[in-house]
Every structure is written in C-alpha cells, then in structure tokens.
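Novice: predicted structure and sequence below. I'll ask about it afterward.
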Amino acid sequence: MNYVASGTPENIALAQQVNGRLRADSSYVAARAFLLRALGLGAFLGLTGAGIGAAAYGWATMNQFDTAADKIAKAMQAALSDVTLKTKGEVTLTDNTLKLEGLPKAAGAPTPTKAQLGEQASPASKAQVNTTFTVFKQVPYLDGQIVTGWNFKDNSEQPYQQYCYFSRRSNETKGQVEIKIDLAMDGKTLPQPVKSDVNLEILARNCVWHEKG
C-alpha cells in the first residue's frame with residue numbers, strides 16, 4: 001500500500017481542488033442569498049408602490065366626484081337664478097319636490113261666452129227671455145253612446161236638472177234613424193219597462209253625474 005506524504009505534488013493538487021470546490025460552493029450560496037434578498041426587496045417595493053398607487057387613485061376619484069357634484073350644484077343654482085316663476089300662489093322648493101300651492105281651482109262646470117249665450121237675442125214679442133245652457137258628457141257604449149246632460153241656468157255653477165239616455169244611430173232603407181232610450185233623471189234610474197229587453201240599471205251605470213249634483 002502506498003501513502004502520499006504531505007507536501008507531495010499529489011497532495012498539493014488535491015488540496016487545490018478542494019479549496020476551489022469550496023470557493024465555488026461559497027460563491028453559489030452567496031449569489032443565491034443575494035438573489036433571494038433582491039427578490040424580497042423587489043416584492044416589498046412593488047407592493048408598497050401598488051398600495052400608494054391605489055390610495056392615490058381612490059383619493060383622486062373621491063376628489064373628482066366631489067368636484068362634479070359641486071359643478072352640478074352650481075349649474076342648478078345658476079339655472080334657477082335665471083328662471084322666473086309667476087303664480088298667484090306660493091312656490092315651495094323642497095329637497096326633491098317642486099310644489100305649487102294656492103293656485104286657483106278650475107270651475108266645476110264650463111261657462112259659455114256672451115256670444116254663445118246670445119244675451120242680446122230677443123223674440124219679436126219682446127217677452128222676457130230666460131237663458132239656460134246644457135253640458136253634455138258622452139260615454140261610448142256598444143254600437144252607440146250614453147249621453148248625460150247637465151242643464152245650467154245663467155251664471156250658476158250647479159245644474160238645476162240632469163238627465164241620461166242611450167243613443168244609437170242605424171242606417172235604414174228610408175235613411176238614418178236614431179234610437180233613444182231614456183235611462184235616468186237627476187241621478188236616479190228610471191223604472192224598468194215591463195216589455196223591454198234593455199236593462200236600464202246596467203246602462204245607467206255609465207251616466208256621468210255632476211259631482212255636486
């Protein structure tokens with residue numbers, strides 16, 4: 001058996017190889033540790049930048065919405081300042097409702113004009129003339145219509161008489177014929193005829209009576 005003594009060329013070569021391997025391993029470990037530290041630092045910086053960017057974006061978005069809301073409020077204020085509302089009542093502005101209060105109410109029934117009433121018209125006998133007018137309310141029913149008449153005296157808001165009837169026109173050989181069936185008077189249905197297939201009570205439900213009549 002041969003033994004290699006210290007200081008021999010073989011021993012020196014072996015020591016050099018071992019030292020070289022150790023240095024290579026040490027460099028590899030140092031490089032890997034540096035890479036891991038660099039990756040960790042990069043991830044930390046990246047997450048920090050993302051957080052700062054998200055915070056900045058949120059702040060900018062909120063600031064933008066506030067600015068838009070201010071612009072809309074100013075535009076509405078300017079528009080309302082240029083608008084003139086004319087009314088005899090009171091104008092009340094709430095958060096989201098515009099109310100007009102105290103406006104005059106419409107009359108219960110239409111009033112004819114003086115020309116329609118013909119106030120200057122008179123008979124040849126020069127007798128006293130009493131003027132009245134009638135307002136008709138018509139409701140389509142089957143092949144005809146149900147008509148309600150409101151009779152008014154001059155300058156009166158309440159009718160002194162109301163009546164309702166069913167009317168239908170038909171074409172006959174001798175010409176056009178109108179069929180008229182009286183239904184009710186002053187809000188009350190007329191008595192049902194004995195020999196009649198027409199139910200006055202059902203038809204009278206379509207009469208339009210004056211609200212205060």
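Specialist: Yep, it's here.
Novice: can you give me the helices for this structure?
Specialist: 9-81, 114-117, 200-204 (DSSP state H).
Novice: show me which positions of the last one end up buried.
Specialist: Translated: helix 200-204. Neighbour counts over helix 200-204 (16 or more other CB atoms under 10 Å) mark 200, 203-204 as buried. For the C-beta atoms, the positions are set from N, CA and C on the backbone; glycine is no exception.
Novice: what's that helix packed up against?
Specialist: Applying 3 or more CB pairs under 8 Å, 6 or more residues apart in numbering; DSSP states H and E, one finds that helix 200-204 contacts strand 175-185, strand 188-189.
Novice: off-centre distance for the shortest one?
Specialist: Read it as strand 188-189. For strand 188-189, the separation from the chain centroid amounts to 42 Å (computed by CA atoms, centre = their mean, to the nearest Å).
Novice: identify whichever of the helices and strands packed on helix 200-204 lies nearest to residue 126.
Specialist: strand 175-185 (33.9 Å; CB to CB).
Novice: what residues sit buried inside the closest one?
Specialist: Applying a neighbour-count criterion of 16+ other CB under 10 Å, the buried positions in strand 175-185 are 181, 183-184.
Novice: which strands and helices lie in contact with it?
Specialist: The contact analysis (3+ CB pairs under 8 Å, 6+ apart) places strand 175-185 against strand 161-172, helix 200-204.
Novice: thought residue 123 was touching residue 130?
Specialist: No - Residue 123 is beyond contact range of residue 130, at 11.8 Å (criterion: CB atoms under 8 Å).
Novice: spell out which residues make up each domain of this protein.
Specialist: 8-80, 129-204 (automatic domain parsing).
Novice: looking at those, which is buried most?
Specialist: Of all the domains of the chain, domain 129-204 has the most neighbours on average by mean count of other CB atoms under 10 Å, namely a mean of 13.
Novice: ends of that one, how far apart?
Specialist: Domain 129-204 has an end-to-end distance of 34 Å (CA to CA, to the nearest Å).
Novice: just the mean pLDDT for that domain, thanks.
Specialist: Regarding domain 129-204, the rounded mean pLDDT is 89.
Novice: now do stretch 128-146: everything it contacts.
Specialist: 109-110, 112, 116-119, 121-123, 147-154, 159-160, 164-169, 179, 183, 203, 206-208 (CB atoms under 8 Å, 6 or more residues apart in numbering).
Novice: gap between that stretch and the chain center?
Specialist: Distance, centroid of stretch 128-146 to centroid of chain: 38 Å (CA atoms, centre = their mean).
Novice: please apply the same query to stretch 46-64.
Specialist: With CA atoms, centre = their mean as the basis, stretch 46-64 stands 37 Å off its chain's centre.
Novice: so what's the nearest residue to residue 171 once chain neighbours are set aside up against?
Specialist: Excluding its sequence neighbours, the residue lying closest to residue 171 (CB to CB, 6 or more residues apart in numbering) is residue 177, at 7.7 Å. With contact taken as CB under 8 Å, 6+ apart, residue 177 is in contact with 169-171.
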